[in-house]
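Enquirer: How does the following fold in three dimensions:
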Amino acid sequence: MLDPNRSWFMLLRHAAHKQRRKLKGDALLAWDFYEATEVLNGFLHDLSGEKQPHVDDLGFGSHWKQDYYGIEARNVDYDLANTLPMVLRHYNLDPRPRVLLVLEGESEVIFTRTWCKIMGIDLEREGIRVLSLGGTSDLRAERTERYVAQSVADGASVVMAVDNENQAIRHLRRWRRAKWVARIYPEKALFDATSPVGATLWRPCFEDANFTRDELIGAWHSLLSKNPRWSSLEVALLQAKMEELRPSCVTEIQALLKVSQVLRVGFKKPELAEELARRHAHDNRKPIVLLLQKTVRLATLTSIYNLPGRRAIGL
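Expert: Below is the predicted model of the structure:
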């Protein structure tokens, strides 16, 4: 006889006995057998002094529990329900986020949303919650720290990406001491890391760390060409002005803004981020794309910290 609810075994195992008694037919009969087996296991334990395997270990072994629950089989205690959080997440019944994705500003959020739309990814369904900061200054805001601390207490993995400015590294080191972020690393480390858990520092900023000057200009020119007021502007003019004004600016994106002011043409970073996402959504050479890919993959894993072979990276 096969249990018609065998794919729901892990969830039903945590249900109260009186609730399981509401099952009908073969489903109820299967649980009668499970419970009879547990009674026999208890008898054998009392007789021999040796702990007996759980019902779900019989036939398939118990090796899968380490990867699935993040807990060694001998430490699984269904009576204490110490595996319940992982079970709820497996069945998408836990409203708490699996991953808290902290992004510095509107541009990064719009890039992320656009990338997800192109890739057909629903962040909420994947268990990923996005927290948008109002700049790196929000790293020291009490409301931000309280939200992140509560998410960590609820079992979420924290993935962050912020610009390396305004003493961001100092605040992030304080977050690491508080165990809100696991590590801090530059964007280049994403190419070697298995897990994105921790804080990525864009050096010097999001746009410069992920895109070349020609890519930024190309995306901006594409946006300008859609507006009749600026559609006649040539890429060569934008490139020449960038070459002229870049030495007086700290970053490429600042130079782009200065060019827009000199030429009196439209420039909005969020719109640029959306266009860059459209152009580079499938480019695995971009750190931001790698970060998002690995964050989505992380959310599908019940317990990232217990996976074998995970490489640690940090500063």
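
Enquirer: Any regions of the stretch 101-250 of the chain where pLDDT drops low?
Expert: Counting by pLDDT under 70, not a single residue of the stretch 101-250 of the chain qualifies.

Enquirer: So if we follow the domain assignment, how does this protein break up?
Expert: As assigned by automatic domain parsing, the chain contains the domains 6-90, 99-208+286-306, 212-280.

Enquirer: Do a quick rundown of the helices in the stretch 101-250 of the chain.
Expert: Applying DSSP state H, counting those that start in this stretch to the stretch 101-250 of the chain gives helices spanning 106-119, 123-126, 142-153, 168-177, 206-210, 213-225, 235-245.

Enquirer: quick one: contacts of the helix ranked longest in the chain?
Expert: Secondary structure assigned by DSSP state H gives helix 25-48 as the longest helix of the chain. When contacts are defined by CB atoms under 8 Å, 6 or more residues apart in numbering, helix 25-48 is touched by residues 1-6, 12, 20-21, 23, 50-55, 58. In this view, the C-beta of every residue, glycine as well, is placed from N, C-alpha and C.

Enquirer: Report the mean confidence score over it.
Expert: Averaging pLDDT along helix 25-48 gives 89.

Enquirer: chain center to the helix or strand just after it: distance?
Expert: Using DSSP states H and E, the helix or strand that follows helix 25-48 in sequence is helix 64-69. Its chain's C-alpha centre and that of helix 64-69 lie 20 Å apart, by CA atoms, centre = their mean, to the nearest Å.

Enquirer: shouldn't residue 252 be in contact with residue 239?
Expert: No. If you go by CB atoms under 8 Å, residue 252 and residue 239 don't touch, sitting 11.9 Å apart.

Enquirer: what about the longest strand in the chain?
Expert: In the chain, taking DSSP state E as the definition, the longest strand is strand 157-163.

Enquirer: now for that one, which elements pack on it?
Expert: strand 99-103, helix 142-153, helix 168-177, strand 198-202, helix 287-299 (3 or more CB pairs under 8 Å, 6 or more residues apart in numbering; DSSP states H and E).

Enquirer: just checking, what packs against the first one?
Expert: For strand 99-103, the helices and strands in contact under the criterion 3+ CB pairs under 8 Å, 6+ apart are helix 106-119, strand 128-132, helix 142-153, strand 157-163, helix 287-299.

Enquirer: Since that was my last question, I'll sign off now.
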